[in-house]
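Student: Structure for this input, please:
(chains A, B, C and D)
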Protein chains: 2
Amino acid sequence: MNISSLDVRAGACSRCDIRDRAICGAMSMEELVALRRISHTRKFDAGSTILVAEEPATFFANVVSGVVKLNQVSSDGRQQIVGLLFPSDFLGRAFVRSNPYFAQAATDVVACVYRYDSFEKLLRDHPALEHRLFERTLNDLDAARDWMFVLGRKKAREKVASFLHLIASRYAALDAGCKEHPSETNHARFTLPLSRSDIADFLGLTIETVSRQLTHLKNDGVIHLLSTHDILVPDLRRLEGGSQGKHQAVA
Amino acid sequence: MNISSLDVRAGACSRCDIRDRAICGAMSMEELVALRRISHTRKFDAGSTILVAEEPATFFANVVSGVVKLNQVSSDGRQQIVGLLFPSDFLGRAFVRSNPYFAQAATDVVACVYRYDSFEKLLRDHPALEHRLFERTLNDLDAARDWMFVLGRKKAREKVASFLHLIASRYAALDAGCKEHPSETNHARFTLPLSRSDIADFLGLTIETVSRQLTHLKNDGVIHLLSTHDILVPDLRRLEGGSQGKHQAVA
DNA sequence: CGCACATTTGATATATGTCAATTTAGGTGG
DNA sequence: CCACCTAAATTGACATATATCAAATGTGCG
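Tutor: Predicted coordinates for the structure are as follows:
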């Protein structure tokens, strides 16, 4: 079996937008073929549930487009979003069959889905794949801990600013992956993938507070609201500065 | 080289209290010898800094006794504890030389310390070790996300209750590891490893609020304060119930 | 065009933070 | 061993950020 025939069998993967950023990026052509054999594309409508908490998961997935939220829900109805997954992010908890959180499509989502058992087997057989997943998990852990600071120590205005900064950064990273320009611009324009309600659940606030802080940021000229979900940030540094964040310039 | 001579060279590891719970637990006698060669025991006084944030780490470590706090500090002095390490927990961020958080001894700490480069090499050579570390990282991630719910959605009283419950659970787990009784008791007694100030930084509160909530819990009979740092919990379920937590009994 | 839903805005309540004063505890030296 | 001294913890009075409740406005969809 030669390289070109493998390339054909790897099929769409070779042309996948997110391939080099996702876990599949580390894989050899052979491995990619194996991965593709156990995968298929699947769409989820905005708002639909992808994985139910505390129930045996039936698959792992890579987000191809759209945004997935990981939701922690208490019995009395309180919600906290504990993670956001963007294109190229990995969804699923290895080595434990039961999924710890509700995974829900925040927007329309396209995902590359892997059957659970097959993927775990692949993980055992291909240390490079497990290693790649490990590195992602470490990044997820860092991100979660960074967010703990936001939740525990930032004020409402700073929380909202941090959220906007996060969205801008993630989208910028995606663009950087596609186009070949470093894009060290200080402005950003994007469409919010979350509703006010979701933002509130991500920041540990209420809808009303989120809405108020957005109008404050708008009135201060830190952001422009092109429409409810379309935001223009003229100067990203003002978002960080206004958010009194971790890496604020020393006075 | 026979087993018994290996056993001798593994030395103290064979008798280590936390061995079967720490990453070393998965290792063969051969691997243990290799690990021991690059390790040594080190003590840290309460309050001393173990690893500085944003600086190249020089070692990894296993906590043998005491408690380590991982602190996230902003330039304007706000602090958030993003992780607590108990005996058998692993300290250090693999694959990235710079350490993301301040690691500080909350109590007097004894740790089993590994030279950075040597440990990374060991990691490359022993997939089982990396796998074990991966599983721990996944658990850390789950713990961090669970705590995000506490920080974002729980009230002060519930936060304090959650904290006490966490401490009780961790200590119970340690005891279970030592003695051979399942200890499904509903009461607990323990010494707080953190000052009120640390607890506040862990819960995203102020010292005063922590103190007030502790006296409320005391007045309600949920806890008894034997001394400032010694706590008796007559019924652990009341801690969870009173904390309005995730797994509250449905009314 | 109109309905349902999301978002904004306003008025008020309340939990937690802030500031300040005691009380308690722990550690050191006489 | 006790007394003192400092830091930690508690308690109180008050300020304020955010939640709650309620209404109005805006938006997308059939």
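
Student: wait, doesn't A:Arg189 sit right on A:Ile231?
Tutor: Yes: at 7.0 Å, A:Arg189 and A:Ile231 qualify as touching, with contact defined as CB atoms under 8 Å. Just so you know, the C-beta spots here come from the backbone N, C-alpha and C atoms, and that holds for glycine as well.

Student: Looking at these two, which has the bigger crowd around it?
Tutor: Taking other CB atoms under 10 Å in any protein chain shown, A:Arg189 and A:Ile231 do not tie; A:Ile231 has more neighbours (21 against 14).

Student: for the residue most central in space within chain A, what are its contacts?
Tutor: What sits nearest the mean C-alpha location of chain A, by CA atoms, centre = their mean, is A:Leu85, with 2.1 Å. Applying CB atoms under 8 Å, 6 or more residues apart in numbering or on different chains, we find A:Leu85 in contact with A:63, A:67-70, A:91, A:103.

Student: Excluding chain neighbours, give the residue nearest to it in space.
Tutor: Distances taken as CB to CB, 6 or more residues apart in numbering or on different chains put A:Val68 closest to A:Leu85, at 4.0 Å, once the chain neighbours are dropped.

Student: is it true that the one you found touches A:Val82?
Tutor: No: counting by CB under 8 Å, A:Val68 does not reach A:Val82; the two are 11.9 Å apart.

Student: Quick check on the closest residue to A:Leu236 other than its chain neighbours: phi, psi?
Tutor: Nearest residue to A:Leu236, sequence neighbours excluded (CB to CB, 6+ apart): A:Asn186, at 5.2 Å. When read as degrees, to the nearest 10, the backbone of A:Asn186 gives phi -100, psi -10.

Student: for A:Gly77, same thing?
Tutor: phi 100, psi -10.

Student: Could you report the neighbour count for the residue nearest to A:Leu236?
Tutor: 11.

Student: Return the per-residue confidence for it.
Tutor: In this model, A:Asn186 is scored at 91, pLDDT.

Student: Tell me how far it lies from DNA strand C.
Tutor: 24 Å (CB to the nearest atom of the strand, to the nearest Å).

Student: residues touching that residue, list them.
Tutor: Counting by CB under 8 Å, 6+ apart, A:Asn186 touches A:234-237.

Student: Could you measure from it over to B:Thr185?
Tutor: In this view, A:Asn186 and B:Thr185 are 58 Å apart by CB to CB, to the nearest Å.

Student: returning to that earlier point: any idea how far the residue nearest to A:Leu85 is from B:His126?
Tutor: 34 Å.

Student: what secondary structure does A:Leu217 sit in?
Tutor: Following DSSP: H, G, I helix; E, B strand; the rest coil, we place A:Leu217 in the helix state.

Student: so what's it up against?
Tutor: Residues near A:Leu217 by CB under 8 Å, 6+ apart: A:157, A:160-161, A:164, A:223, A:242.

Student: Angles on the backbone of A:Thr58, please.
Tutor: In terms of degrees, to the nearest 10, the main-chain angles of A:Thr58 are phi -110, psi -10.

Student: Where do the helices of the stretch 51-200 of chain A begin and end?
Tutor: A:116-125, A:127-153, A:156-178, A:196-203 (DSSP state H, counting those that start in this stretch).

Student: of all those helices, which lies closest to B:Glu30?
Tutor: B:Glu30 sits nearest to helix A:127-153 of all the helices of the stretch 51-200 of chain A, at 19.2 Å, using CB to CB.

Student: quick check, stretch A:138-150 touching DNA strand D?
Tutor: No: Stretch A:138-150 lies out of reach of DNA strand D by CB under 7 Å from any atom of the strand, never closer than 11.4 Å.

Student: average pLDDT across that stretch?
Tutor: 98.

Student: near DNA strand C at all, it?
Tutor: No: counting by CB under 7 Å from any atom of the strand, no contacts exist between stretch A:138-150 and DNA strand C, the nearest distance being 13.9 Å.

Student: neighbours around A:Ala106, how many?
Tutor: 22.

Student: Look up how far A:Ile167 lies from it.
Tutor: 11 Å.

Student: which residue does the stretch 51-200 of chain A bring closest to chain B?
Tutor: Closest to chain B within the stretch 51-200 of chain A is A:Gly152: 2.9 Å, counting by CB to the nearest CB.

Student: is it true that that residue touches B:Gly204?
Tutor: Yes: using CB under 8 Å, A:Gly152 is in contact with B:Gly204, at 2.9 Å.

Student: what do those two both touch?
Tutor: Counting by CB under 8 Å, 6+ apart, the residues touching both A:Gly152 and B:Gly204 are B:80, B:151.

Student: re earlier: just the buried subset of the contacts of A:Leu85, written out for PyMOL, thanks.
Tutor: Buried subset of the contacts of A:Leu85, written as a PyMOL selection, criterion 16 or more other CB atoms under 10 Å in any protein chain shown:
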select buried, chain A and resi 63+67+68+69+70+91+103
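
Student: Can you lay out the contacts of A:Leu85 as CSV showing pLDDT and distance to DNA strand D?
Tutor: Below are these laid out as CSV (pLDDT from 0 to 100; distance: CB to the nearest atom of the strand, whole Å):
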residue, pLDDT, distance to DNA strand D
A:Val63, 96, 22
A:Val67, 97, 17
A:Val68, 98, 20
A:Lys69, 98, 18
A:Leu70, 98, 20
A:Leu91, 97, 25
A:Ala103, 97, 23
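
Student: Return the residues of the stretch 51-200 of chain A in contact with chain B.
Tutor: A:70, A:72, A:74-76, A:78-80, A:82-83, A:93-96, A:100-101, A:127, A:130-131, A:133-135, A:137-138, A:140-142, A:144-149, A:151-153 (CB under 8 Å from any CB of the partner chain).

Student: Any of those residues buried? List them.
Tutor: A:70, A:72, A:74, A:78-80, A:82-83, A:93-94, A:100-101, A:130-131, A:133-135, A:137-138, A:140-142, A:144-149, A:151-153.

Student: Endpoints of stretch A:149-161, how far apart?
Tutor: 14 Å (CA to CA, to the nearest Å).
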